[in-house]
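Colleague: Return a 3D structure for these sequence lines:
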Amino acid sequence: MKNKAKLFYKLKEKDSFYLQSRKLLSFADYQSNDYFIGSASYNIAYYFDIMNRKFDSAFYYYNYSKKAFLKCKDTANAGRKLLNAGVIQTEMNDFFGAKETLTSAVYLLTKGKDTNFLAASYNQLGTCYKELNDFKNAKLLYNKAIALSTSNKNLLSYKNNLGIFYSDLGDFKKADSIITSIVPEAKSIASKRTYLRILHNHYYFQWKKNKLNVEQNLLSILNSRKRINDNKGIITSHIDIAEFYLNNLPQKAIKHLDTSVSLAKISGSPKRETKALEILMKIEPNNIIHKNRYIFLRDSLYQNELNAKHQFSYMIYQDQQEKERLLQLEAETAQQEAKLVQKENQRIMLFSFVGLFLIGGVWYYQSQKQRYKKEKQEEVRATEERI
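Modeller: This next block holds a predicted model:
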């Protein structure tokens with residue numbers, strides 16, 4: 001059953017993969033097999049997370065999978081599921097919740113067997129701390145991820161994130177230095193999408209740092225992203241190119257921003273649309289349509305993030321309540337067992353006392369009997385002597 005699910009995944013038949021994983025979960029529940037419960041729940045979480053982008057359902061099944069793996073003492077798998085859950089919370093801007101989840105993952109993962117998952121957890125924690133304006137810890141965690149990672153591909157992403165971290169602080173010199181150092185390796189080992197992301201950041205930071213004319217470089221990367229259908233990358237390119245045109249060629253900037261807004265609507269990327277609208281309002285501050293759309297998106301994003309945070313918190317609360325219930329049950333069971341042991345000990349002591357009493361009684365009776373017999377014999381002998 002598990003192999004069937006794997007086969008459907010490899011064939012990219014996502015609905016069959018999901019149905020087979022549901023069957024595996026039902027069978028595992030019936031058999032009370034925690035390992036297969038954990039595996040099947042992970043498959044279902046992956047289906048909702050990567051294949052359908054339904055984060056609330058994905059979070060639920062990642063958490064369910066984690067609990068199952070903890071039951072069978074598989075801390076490595078439990079930690080990995082917490083990492084996935086923490087990534088979802090980060091994407092939904094639940095940075096406080098993500099920080100707690102990812103910290104729990106770090107405690108469950110170990111160097112050696114889980115090194116790359118541990119590095120990924122540090123990287124994700126770095127993003128949480130950055131978004132919470134704790135820049136000291138963010139920098140520390142990004143560097144921890146870089147120092148620990150044994151995957152060259154992951155290392156490129158972590159260094160790219162560190163470069164973005166410095167750019168967010170306005171240190172474009174440091175940001176460009178980091179990104180420039182990884183461009184050659186990214187070209188040789190990274191996926192086309194990752195390489196273009198790093199290359200785009202390289203030219204964007206060069207422009208921010210030295211005001212170099214990187215127009216053709218950014219446009220070339222945009223065209224390359226179009227060829228591989230990198231929708232997120234395409235929107236990012238349009239927004240950054242619009243920023244490049246903002247002061248000198250505002251009409252060109254508007255064209256790119258309008259395109260990015262349209263693409264963001266189609267692909268369901270409200271954050272990117274919001275960012276594009278922010279720049280549009282700088283060019284056209286009196287445009288009511290942009291303002292109303294921006295306010296609507298901000299409110300919707302806030303409400304969605306708030307709903308997600310409540311859902312995540314409620315699931316974690318239920319998990320904690322279940323833990324406390326089990327601990328209380330264990331304590332009550334232990335207490336009952338202690339009382340039974342105490343009663344058994346009391347019974348044993350009582351029986352022992354009764355036994356000793358009986359033995360003592362028998363011994364006393366026999367000794368008295370012997371004494372009486374001896375006295376009788378003495379009495380008979382004395383009588384005979386008198387006669």
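Colleague: Which positions in the helix or strand N63 falls within come out as buried?
Modeller: Secondary structure assignment for N63, by DSSP states H and E: helix 55-71. Judged by neighbour count using 16 or more other Cβ atoms under 10 Å, the buried positions of helix 55-71 are 55, 58-70. Every C-beta, even on glycine, is put in place using the N, C-alpha and C of the backbone.
Colleague: Stretch 260-278 too?
Modeller: Neighbour counts over stretch 260-278 (16+ other Cβ under 10 Å) mark 260-261, 263-264, 269, 272-277 as buried.
Colleague: Contacts for it next, please.
Modeller: In this structure, residues lying in contact with stretch 260-278 by Cβ atoms under 8 Å, 6 or more residues apart in numbering are 231-232, 234-236, 238-239, 242, 257, 280, 290, 293-294, 297-298, 300-301.
Colleague: Mean pLDDT per helix and strand in this protein: which one sits at the bottom?
Modeller: Every helix and strand in the chain was compared by mean pLDDT, DSSP states H and E; the lowest is helix 288-386, with a mean of 62.
Colleague: about what we covered before: rank the buried residues of helix 55-71 by pLDDT and give me only the lowest.
Modeller: pLDDT across the buried residues of helix 55-71 is lowest for F55, at 85.
Colleague: In space, what's closest to it - neighbours in sequence excluded?
Modeller: If the residues on either side of it in the chain are set aside, F55 comes closest to I88, at 4.9 Å by Cβ to Cβ, 6 or more residues apart in numbering.
Colleague: can you give me the end-to-end distance of stretch 145-153?
Modeller: From the first residue to the last, stretch 145-153 extends over 13 Å; the measure is Cα to Cα, to the nearest Å.
Colleague: tell me the secondary structure for the residue nearest to Q206 when sequence neighbours are not counted?
Modeller: Beyond its immediate neighbours in the sequence, the residue positioned closest to Q206 (Cβ to Cβ, 6+ apart) is L212, lying 5.1 Å away. For L212, the secondary-structure state derived from DSSP: H, G, I helix; E, B strand; the rest coil is coil.
Colleague: Tally up the residues packed near L212, please.
Modeller: Other residues near L212 come to 11 when the count uses other Cβ atoms under 10 Å.
Colleague: Then F48?
Modeller: Neighbour count of F48, defined by other Cβ under 10 Å: 20.
Colleague: Likewise for G170?
Modeller: With neighbours defined by other Cβ under 10 Å, the count for G170 comes to 10.
Colleague: Could you do K81 as well?
Modeller: Applying other Cβ under 10 Å, we find 26 other residues in the vicinity of K81.
Colleague: give the contact list for it.
Modeller: Shown here is K81, whose contacts under the criterion Cβ under 8 Å, 6+ apart are 38, 42, 45, 62-63, 65-66, 69.
Colleague: packing partners for the helix holding N63?
Modeller: Helices and strands touching helix 55-71, as assessed by 3 or more Cβ pairs under 8 Å, 6 or more residues apart in numbering; DSSP states H and E, comprise helix 34-46, helix 75-91, helix 288-386.
Colleague: what about it, distance to the chain center?
Modeller: How far helix 55-71 lies from its chain's middle: 9 Å, per Cα atoms, centre = their mean, to the nearest Å.
Colleague: How about stretch 236-246?
Modeller: From the chain centre to the centre of stretch 236-246 is a distance of 34 Å (Cα atoms, centre = their mean).
Colleague: related to what we said a few turns ago, can you select the buried ones from the contacts of stretch 260-278 in PyMOL?
Modeller: Taking 16+ other Cβ under 10 Å as the burial criterion, the selection of buried members of the contacts of stretch 260-278 in PyMOL is written as:
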select buried, resi 231+234+235+236+238+239+242+257+280+290+293+294+297+301
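Colleague: I'm done for today, thanks for sticking with me.
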